[in-house]
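S.K.: predicted coordinates and the sequence they were generated for:
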Amino acid sequence: MTHSKPPLWRDHRFWQIIVQLAAVICAILIVVILGLNLNRNLQQLGIKFGFNFLQQEASFDIGETILSYQPTDTYTRALLVGLINSLRVAIAGIFLTTIVGITAGIARLSDNWLVRNISLVYVEIFRNTPLLLQLFFWYFAVFLSLPNVEHKASVLGLIKFSQNGIELLGLNFSPEFSTLLLGLTFYTASFIAEIVRGGIQSVAKGQWEAGRSLGLKPSLIMRLVVLPQALRVIVPPLTSQYLNLAKNSSLAIAIGYPDIYFVASTTFNQTGKAVEVMLLIMLTYLTFSLIISFLMNLLNHTVQIQEK
């Protein structure tokens, strides 16, 4: 006995494909309509759309850069310098905020009353005050209040503080870079601490008891038993915080750190190419977000329980 194949329109996979195609077509139509409207408005204003200005001389200085740069360089070079500066903050920030966040999250569950409440106060203060206000605090109340270079403070002879920023193992970090890095780190880490605390508490208490029955110390139970299981809960929301850190780095303009947004704003003011510059900024932060999301999705895949 043979069974007739059901009609195509009764197959739910068919309708899933149709809905996806419809969504793609609608998105393309919206982009085309917006593009035509933008082009018409620019023509009415007598403005020509294009990126030829990127090859023109920038004619402005950038106070902090790793790459060699002169005001006689092109806008392309200037934007590249800003991009590198943004990457410095984002990469270093993700690294430091992970360490601070995990430490504070574990401390929130400490049996020591003092450690537990210090962590609580830190989380509540930094999580519930605006990031911009914190940046101003670090910049004006901390770094600009430090002694000058001749009377710089030192910690164990390795870390030196002055109004010129932080000197670490012979490397000098400007007050603007230090302010942005510390502000982003302690602000984002306060959210990560709560994510870590929730992830740890999601692990069954029986795992702790099993570790103790094997004679493991609490620190080993945390590192070898609890945290690996908690990562399944921690990683997804952790991705959002990394994305927020990368995007919040655009607040660098408030303290004068020349990141990509700072350089792009100067470029826009000089060239008047508002649409083109905004598109470049959007593309930059979109790329940042996609790369972070891709890497964190790979990590999330590795920490999940693999079903057989």
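M.R.: Now that the structure is in, tell me what you want to look at.
S.K.: summarise which helices and strands the one helix or strand Val81 maps to is packed against.
M.R.: Per DSSP states H and E: Val81 is located in helix 75-107. Applying 3 or more Cβ pairs under 8 Å, 6 or more residues apart in numbering; DSSP states H and E, one finds that helix 75-107 makes contact with helix 113-127, helix 175-201, helix 227-248, helix 260-271, helix 274-303. C-beta: built from backbone N, CA, C; applies to glycine.
S.K.: pLDDT averaged over the fourth one, what's the number?
M.R.: It refers to helix 260-271. The average of the pLDDT scores along helix 260-271 is 90.
S.K.: just the C-alphas of it, formatted as PDB.
M.R.: Extracted C-alpha coordinates of helix 260-271, given in PDB (Å, rounded to 0.1, in the frame of the first residue of the first chain):
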ATOM      1  CA  ILE A 260      36.800  55.900  16.400                       C
ATOM      2  CA  TYR A 261      33.700  57.900  17.300                       C
ATOM      3  CA  PHE A 262      35.800  60.900  18.400                       C
ATOM      4  CA  VAL A 263      37.800  60.900  15.100                       C
ATOM      5  CA  ALA A 264      34.700  60.300  13.100                       C
ATOM      6  CA  SER A 265      32.900  63.300  14.700                       C
ATOM      7  CA  THR A 266      35.900  65.500  13.900                       C
ATOM      8  CA  THR A 267      35.800  64.200  10.300                       C
ATOM      9  CA  PHE A 268      32.100  64.900  10.000                       C
ATOM     10  CA  ASN A 269      32.600  68.500  11.300                       C
ATOM     11  CA  GLN A 270      35.300  69.200   8.800                       C
ATOM     12  CA  THR A 271      33.900  67.600   5.700                       C
END
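S.K.: what does that helix rub up against?
M.R.: Applying Cβ atoms under 8 Å, 6 or more residues apart in numbering, the contact partners of helix 260-271 are 53, 56, 58-60, 62, 75, 78-79, 81-83, 85-86, 250, 252-253, 256, 273-274, 277-278, 280-281, 284.
S.K.: hey, C-alpha coordinates of stretch 18-26 in PDB?
M.R.: The C-alpha trace of stretch 18-26 is given here as PDB (Å, rounded to 0.1, in the frame of the first residue of the first chain):
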ATOM      1  CA  ILE A  18       8.100  31.300   2.600                       C
ATOM      2  CA  VAL A  19       8.000  33.500   5.700                       C
ATOM      3  CA  GLN A  20      11.800  33.800   5.700                       C
ATOM      4  CA  LEU A  21      11.800  34.800   2.100                       C
ATOM      5  CA  ALA A  22       9.100  37.400   2.700                       C
ATOM      6  CA  ALA A  23      11.000  38.800   5.600                       C
ATOM      7  CA  VAL A  24      14.200  39.100   3.400                       C
ATOM      8  CA  ILE A  25      12.200  40.800   0.600                       C
ATOM      9  CA  CYS A  26      10.600  43.300   3.000                       C
END
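S.K.: what's next to that stretch, contact-wise?
M.R.: Contacts for stretch 18-26 (Cβ under 8 Å, 6+ apart): none.
S.K.: show me which residues of it are buried.
M.R.: Judged by neighbour count using 16 or more other Cβ atoms under 10 Å, stretch 18-26 contains no buried positions.
S.K.: pull the helix or strand with minimum mean pLDDT from this protein.
M.R.: For the chain, counting by mean pLDDT, DSSP states H and E, strand 153-155 ranks last in confidence among helices and strands (a mean of 61).
S.K.: give me phi/psi at Glu57?
M.R.: Main-chain torsions, Glu57, degrees, to the nearest 10: phi -70, psi 130.
S.K.: beta partners of it?
M.R.: Here Glu57 sits in beta bridges with Thr74, going by DSSP bridges.
S.K.: got a list of what it touches?
M.R.: Shown in contact with Glu57 (Cβ under 8 Å, 6+ apart): 71-74.
S.K.: apply 10 Å and report the result again.
M.R.: Contacts for Glu57 (Cβ atoms under 10 Å, 6 or more residues apart in numbering) come out as 70-75, 77-78.
S.K.: and those residues as TSV, adding neighbour count?
M.R.: Below are those laid out as TSV (neighbours: other Cβ atoms under 10 Å):
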residue	neighbour count
Gln70	11
Pro71	11
Thr72	9
Asp73	17
Thr74	14
Tyr75	25
Arg77	19
Ala78	27
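S.K.: before we move on, the earlier item: the helices and strands packed on helix 75-107 into TSV, with extra columns for distance to Gly105?
M.R.: Shown next, in TSV, are the helices and strands packed on helix 75-107 (distance: least, Cβ to Cβ, whole Å):
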stretch	distance to Gly105
helix 113-127	8
helix 175-201	3
helix 227-248	9
helix 260-271	30
helix 274-303	16
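S.K.: point out the most buried one among those.
M.R.: Greatest average neighbour count among the helices and strands packed on helix 75-107 goes to helix 175-201 (a mean of 23), per mean count of other Cβ atoms under 10 Å.
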